[in-house]
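A.B. asks: for reference, the sequence and a predicted model appear below.
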Amino acid sequence: MPSTLLIGYEPQAIPGIDGSALQAALDAEMARFGEHGIDAAMELVVHDEQVESTLVAALTRKPWDVVIVGGGIRKSEHLLPLFELIVNLIPRHAPQAAIAFNSTVGELLEAAQRRL
């Protein structure tokens, strides 16, 4: 069974966003992976002093086929250092994984499928 890890920004930590609604949309999208025979996990982070160890633990939890870096991280200019950290950690700790990017929450599955 193929596997996908989504790395996203903690919805409750995004200013001006309804964190509960975003979390519900993420959960619904993650359920779609199972419907398509893909083992998927989600690691939601904030940019703090523990983020690197959290990311390394997630990336080494299993041999992921695809790692998706969510738009909440990529599209926020102030999170550029976090995005850069993630992009550099993936090849070191999950070298077998393809890297994918989504445009919206509702296309996480499609982002993974492009790289599987």
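C.D. replies: Ah, there it is. Numbers count the residues shown, from 1 in each chain.
A.B. asks: where along the chain do the helices fall?
C.D. replies: 19-35, 51-59, 71-74, 80-93, 108-115 (DSSP state H).
A.B. asks: looking at this structure, which residue lies furthest from center?
C.D. replies: Using C-alpha atoms, centre = their mean, the residue of the chain lying farthest from its centre is Gly16. It sits 20.5 Å away.
A.B. asks: circling back to that earlier point, format the helices of the chain as a markdown table; extra columns: mean neighbour count.
C.D. replies: Heads up, the C-betas are built off the backbone N, CA and C, glycines and all. Putting the helices of the chain into a markdown table (neighbours: other C-beta atoms under 10 Å) gives the following:
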| stretch | mean neighbour count |
| --- | --- |
| helix 19-35 | 14 |
| helix 51-59 | 16 |
| helix 71-74 | 19 |
| helix 80-93 | 15 |
| helix 108-115 | 19 |
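A.B. asks: now those as a markdown table including distance to Gln12 and mean pLDDT?
C.D. replies: What follows is the helices of the chain, written out as a markdown table (distance: least, C-beta to C-beta, whole Å; pLDDT from 0 to 100):
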| stretch | distance to Gln12 | mean pLDDT |
| --- | --- | --- |
| helix 19-35 | 4 | 94 |
| helix 51-59 | 15 | 98 |
| helix 71-74 | 12 | 91 |
| helix 80-93 | 16 | 97 |
| helix 108-115 | 19 | 97 |
